[in-house]
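>>> Structure for the following, please:
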Amino acid sequence: MNSDHVKTIERVYQLFRTCPDPSARGEDGGWSVKEILGHLVDSVGNNHQRLVRYVPKGTIGYPAYDQEQCVQRAGYRTFDFRQLLALWYHYNQLLLHLIARIPAADLDFGIAIGDKPPVALRQLIQDYFAHMENHERQARRIIAG
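Residues are numbered from 1 along each chain as shown. This next block holds a predicted model:
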């Protein structure tokens, strides 16, 4: 298991766990902290499916998704924040377990998302954590006010 990935999940978890106002929004009027967390739940769910369904020695395609529509449809704004945080945290624990079980030789197999060219599983995993860190910075800015 990659210790940097574990540290990232723990750091992001602590950020959300100690958030004084999950309904707070940035000055740009975008997503609230709670909606950012909901989007991260969508992200872990999508990536779980991609990683559990990859095809060794082949390429599989997945649809792109409309993140704004997903956040709106899920209604994260009105969902219990602590339950959402627990879901995100535990789903990431499962994802870490799954990632650790992928044979090293399979990490170069491709996954195509939407109309983008295929990327190797290893790149998909790195992109997932980079995406999480981008939203971590976004949430920190909102929390800092």
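
>>> Using neighbour counts, pick out the buried residues of the worst-scoring helix or strand of the chain on mean pLDDT.
Every helix and strand in the chain was compared by mean pLDDT, DSSP states H and E; the lowest is strand 59-62, with a mean of 80. The neighbour-count criterion (16 or more other C-beta atoms under 10 Å) identifies no buried residues in strand 59-62. C-beta: built from backbone N, CA, C; applies to glycine.

>>> Give me the contacts around it.
Asn46, Gln49, Arg50, Arg53, Tyr54, Phe109, Gly110, Ile111, Ala112, Ile113, Gly114, Pro118 (C-beta atoms under 8 Å, 6 or more residues apart in numbering).

>>> Dihedrals phi and psi, the fourth one?
With angles defined as degrees, to the nearest 10, Arg53 shows backbone torsions of phi -110, psi 10.

>>> what about Cys88, neighbour count?
Let me fix one detail, which is that residue 88 is Trp and not Cys. 24 (other C-beta atoms under 10 Å).

>>> list the buried ones in whatever helix or strand comes next after the least confident helix or strand of the chain?
Later in the chain than strand 59-62, the nearest helix or strand by DSSP states H and E is helix 67-74. For helix 67-74, a neighbour-count test (16+ other C-beta under 10 Å) marks Cys70, Val71, Ala74 as buried.

>>> repeat for stretch 119-139
Val119, Leu121, Leu124, Ile125, Tyr128, Phe129, Met132, His135, Glu136, Gln138, Ala139.

>>> Check stretch 19-28 too.
For stretch 19-28, a neighbour-count test (16+ other C-beta under 10 Å) marks Cys19, Pro22, Gly26 as buried.

>>> if I read this right, the second one contacts Lys34, doesn't it?
So that's Pro22. Yes. The pair Pro22 / Lys34 is scored as a contact, 4.1 Å apart, by C-beta atoms under 8 Å.

>>> Need the overlap of contacts for the two.
Common contact partners of Pro22 and Lys34 (C-beta under 8 Å, 6+ apart): Phe81.

>>> could you point out the longest helix in the protein?
For the chain, the longest helix by residue count, based on DSSP state H, is helix 121-144.

>>> packing partners for that one?
If you count contacts as 3 or more C-beta pairs under 8 Å, 6 or more residues apart in numbering; DSSP states H and E, helix 121-144 packs onto helix 3-17, helix 33-52, strand 110-113.
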